[in-house]
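K.L.:
pasted the sequence and its predicted model underneath.
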Amino acid sequence: MGKIYLFNLITLDGFFEGPHKWEVGWHNVDDEFREFAVEQLNSTDILVFGRITYEGMASFWTTPEAAKNDPIVAHQMNSLPKIVFSRTLKEASWNNTTLIRENAADEMMKLKAQGGKDIGILGSANLAASLMQQNIVDEFRIMVNPVILGKGNPLFEGIREKIGLKLLRTRSFKSGNVLLHYAPGGSV
């Protein structure tokens, strides 16, 4: 496969969600964002989730509302192969999903070795933190939304050591969103 990337939306003060699970009403989504999402999904072979993100994504992207409001992204989200890493989930019923219970880092490296397009870890802060500490993530795609929540759940909670990053590129959106692309290896 190509590279393993992490994509997440955050607030200016570093939260990926408010104080409660799936409190993401602050996501700044417009037509330009949707075009970006389509481009990103077109370059992705497999979507990867932790349990919490998987459950939230599956409950949203399979709805008639998602198909009506964002038909292209909904189609891609529902049709792309997906992996959910979970020790507690009993089954993964979202279309084209494989449930893996153990060894996330080993499984991710096996996927990467197969060649092809990118592997996208969407959301999934706990899984991402675990993979980051094992140097599995090749690129960080962080979209900063122009909002300050004041409280919420931080994206990189659980990271125990500094991880140096180098800026690859940025993209500004008319909405005020700024997409930051980083690779591991910068100075700390």
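P.N.:
Nice, I can see it.

K.L.:
quick one: the spatially most central residue of the chain from residue 166, how far?
P.N.:
In the chain, the centroid-proximal residue (Cα atoms, centre = their mean) is residue 122; its distance is 1.6 Å. Using Cβ to Cβ, to the nearest Å, residue 122 is found at 23 Å from residue 166. For the C-beta atoms, the positions are set from N, CA and C on the backbone; glycine is no exception.

K.L.:
likewise for residue 102?
P.N.:
Distance from residue 102 to residue 166, by Cβ to Cβ: 32 Å.

K.L.:
could I get the contacting residues of residue 136?
P.N.:
Counting by Cβ atoms under 8 Å, 6 or more residues apart in numbering, residue 136 makes contact with 4, 105, 108, 109.

K.L.:
so the second one sits in a strand?
P.N.:
This points to residue 105. No - assessed with DSSP: H, G, I helix; E, B strand; the rest coil, residue 105 is helix; it does not lie in a strand.

K.L.:
check which helix or strand covers residue 137.
P.N.:
For residue 137, there is no host helix or strand (DSSP states H and E).

K.L.:
so who does it touch?
P.N.:
Each residue near residue 137 by Cβ under 8 Å, 6+ apart is listed here: 4, 5, 6, 121, 128, 131, 184.

K.L.:
who's in contact with the lowest-mean-pLDDT helix or strand in the chain?
P.N.:
The helix or strand of the chain with the lowest confidence, counting by mean pLDDT, DSSP states H and E, is helix 125-133 at a mean of 89. Here helix 125-133 makes contact (Cβ under 8 Å, 6+ apart) with 4, 6, 8, 16, 48-50, 52-53, 85, 104-105, 108, 121, 137, 153, 155-161, 163.

K.L.:
and it, what's buried?
P.N.:
125, 127, 128, 129, 130, 131, 132 (16 or more other Cβ atoms under 10 Å).

K.L.:
at which residues are the strands of the protein located?
P.N.:
Remark: strands assigned in the chain by DSSP state E are 4-11, 15-17, 44-50, 82-85, 97-100, 118-122, 139-145, 153-154, 165-172, 178-184.

K.L.:
so which of those strands is nearest residue 72?
P.N.:
Closest of those to residue 72 is strand 44-50, at 13.8 Å (criterion: Cβ to Cβ).

K.L.:
what helices and strands are in contact with the closest one?
P.N.:
Contact partners of strand 44-50 among helices and strands, from 3 or more Cβ pairs under 8 Å, 6 or more residues apart in numbering; DSSP states H and E: strand 82-85, strand 118-122, helix 125-133.
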